[in-house]
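> only geometry, no sequence info:
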């Protein structure tokens, strides 16, 4: 009897230990899974979820809330108010940019061609991020090679900074062996006629996708008008 | 006499053959964008096809129209900022091709000696790791060109 119980208890001991060990592993695993899940949720919350602090900041302000003063390639004084009343495409670039900027302007030209006569109801503006080298005459010559609807704007550094702040665009001077180049936000900002932000069009977006996006932004405000 | 002539012909031709492009490498659809004057860098594009059995590595480019020519790569970061940097050596696997296209890899032509005028062409030489060189004549298209057929 005693022996049996002792035998039983001794037989139970490893099993109990095993159960205990299994319990610990399960607890550990549960904790690990919970931590990973927590980290994932936290990450999502901060990056994409409602907790994303920077997400609303990345959307450009409505044009009506922006404030900056520039000169266009025709020597006219311009600012966000110049764009009011018409849908607008705005792009940051510079004329010493050998690849992305001419391609983006070609793309915008292609979208405007695709829109045909409707394009005349649009503003299309290149804002230079390199006012140091992009003088008004330099900009005038540069845009003359693209769709006639495209204007180029130049602001003094402080005005450029205000514009970039409004559009939530970034730019930075980068030294090279023979001077400098500019890093800059490359997407094309699309605004409705009321100045509200309608979205960004990537520079490599084919015209068959870009043109409908622009049309939609143009129509949305027409609906709003009626 | 005839044998000597053949030997001579081979001797004369051999360097030419050696200099000539690796027949395994094809440079297709070259084009460059016209420049405004010479103060801004120009860009040229082409596709390099490796029809051989071994990988080839493009180490550089050379052209008389530019004081300095390098292959650069444009890229866009997650926050939408476009940047540009030298691409370094480009290795092309057998049977593969690497395309230099707007918005990606491009031949950056710095310190232009002459404006790139639409309708003209200029010579460009591709230099490979094994010392092989492939010359190509690059047609100059308009500033607003998007590809070789524009």
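Structure's in. What do you need? None of these values were measured; they are calculated from a predicted model.
> ok so residue A:200 is a strand residue?
Yes: under DSSP: H, G, I helix; E, B strand; the rest coil, residue A:200 falls within a strand.
> quick check: it touching residue A:186?
No: with contact defined as CB atoms under 8 Å, residue A:200 does not reach residue A:186; the gap is 9.6 Å. (Each C-beta comes from the backbone N, C-alpha and C, glycine too.)
> the two: which has the busier surroundings?
residue A:186 (27 against 18; other CB atoms under 10 Å in any protein chain shown).
> got the phi and psi for the more buried one?
Dihedral angles of residue A:186 (phi, psi; degrees, to the nearest 10) stand at phi -100, psi -10.
> once you drop chain neighbours, what's closest to it?
Once flanking residues are discounted, residue A:186 sits nearest to residue B:82: 3.6 Å by CB to CB, 6 or more residues apart in numbering or on different chains.
> which strands and helices lie in contact with whichever strand or helix holds that neighbour?
Element membership of residue B:82 [criterion: DSSP states H and E] is strand B:81-86. For strand B:81-86, the elements it packs on are strand A:179-185, strand B:66-76, judged by 3 or more CB pairs under 8 Å, 6 or more residues apart in numbering or on different chains; DSSP states H and E.
> in JSON lines, list the ones you listed along with mean pLDDT and mean neighbour count.
Shown next, in JSON lines, are the helices and strands packed on strand B:81-86 (pLDDT from 0 to 100; neighbours: other CB atoms under 10 Å in any protein chain shown):
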{"stretch": "strand A:179-185", "mean pLDDT": "93", "mean neighbour count": "19"}
{"stretch": "strand B:66-76", "mean pLDDT": "95", "mean neighbour count": "19"}
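> between these, which one is nearest to residue A:22?
Nearest of the helices and strands packed on strand B:81-86 to residue A:22, taken as CB to CB: strand B:66-76 at 50.6 Å.
> which residues are contacting the closest one?
When contacts are defined by CB atoms under 8 Å, 6 or more residues apart in numbering or on different chains, strand B:66-76 is touched by residues A:99-100, A:177-178, A:186, B:42, B:58, B:60-63, B:82-87, B:90, B:100, B:103-113, B:124.
> do a quick rundown of the strands in chain A.
A:70-72, A:77-78, A:88-93, A:123-128, A:150-154, A:171-176, A:179-185, A:188-191, A:197-201 (DSSP state E).
> for chain B, which of the ones you listed is the nearest?
strand A:179-185 (4.5 Å; CB to the nearest CB).
> and that closest one with chain B, contact?
Yes: judged by CB under 8 Å from any CB of the partner chain, strand A:179-185 comes into contact with chain B at A:181, A:183-185.
> now for that strand, which elements pack on it?
In terms of contacts (3+ CB pairs under 8 Å, 6+ apart), strand A:179-185 is packed against strand A:88-93, strand A:171-176, strand B:81-86.
> repeat the analysis, applying 10 Å as the threshold.
Here strand A:179-185 touches strand A:88-93, helix A:100-115, strand A:123-128, helix A:157-167, strand A:171-176, strand B:66-76, strand B:81-86, strand B:105-112, going by 3 or more CB pairs under 10 Å, 6 or more residues apart in numbering or on different chains; DSSP states H and E.
> can you give me the buried ones in stretch A:206-213?
A:207, A:210-211, A:213 (16 or more other CB atoms under 10 Å in any protein chain shown).
> with distance to residue A:67 added, can I get the helices and strands packed on strand B:81-86 in TSV?
TSV is the format used below for the helices and strands packed on strand B:81-86 (distance: least, CB to CB, whole Å):
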stretch	distance to residue A:67
strand A:179-185	19
strand B:66-76	28
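> who does residue A:182 bridge with?
residue A:173 (DSSP bridges).
> so what's the backbone phi/psi at residue B:141?
Dihedral angles (degrees, to the nearest 10) for residue B:141: phi -100, psi 180.
> so it bridges to which residues?
Beta-bridge partners, per DSSP bridges, of residue B:141: residue B:33.
> point out where chain A drops to low pLDDT.
When residues are selected by pLDDT under 70, those of chain A lie in A:1-19, A:21, A:39-57, A:221-226.
> at 80 instead, please
For chain A, applying pLDDT under 80 flags the ranges A:1-58, A:178, A:203-204, A:221-226.
> hang on, the earlier thing: nearest to residue B:134, of the helices and strands packed on strand A:179-185?
strand B:105-112 (12.9 Å).
> give me the angle between the closest one and strand A:171-176.
70 degrees (axes from the mean of the first three to the mean of the last three CA atoms, to 10 degrees).
> can you check what angle separates strand B:105-112 from strand B:81-86?
Using the same axes, to 10 degrees: strand B:105-112 against strand B:81-86 is 70 degrees.
> residue ranges with poor pLDDT in chain B?
B:1-23.
> that one: strands as residue ranges?
Counting by DSSP E, the strands of chain B are B:25-33, B:42-50, B:56-63, B:66-76, B:81-86, B:90-92, B:97-99, B:105-112, B:121-128, B:133-141.
> hang on, the earlier thing: which among the contacts of strand B:66-76 count as buried?
A:99-100, A:186, B:42, B:58, B:61, B:63, B:82-84, B:87, B:90, B:100, B:103-110, B:112, B:124.
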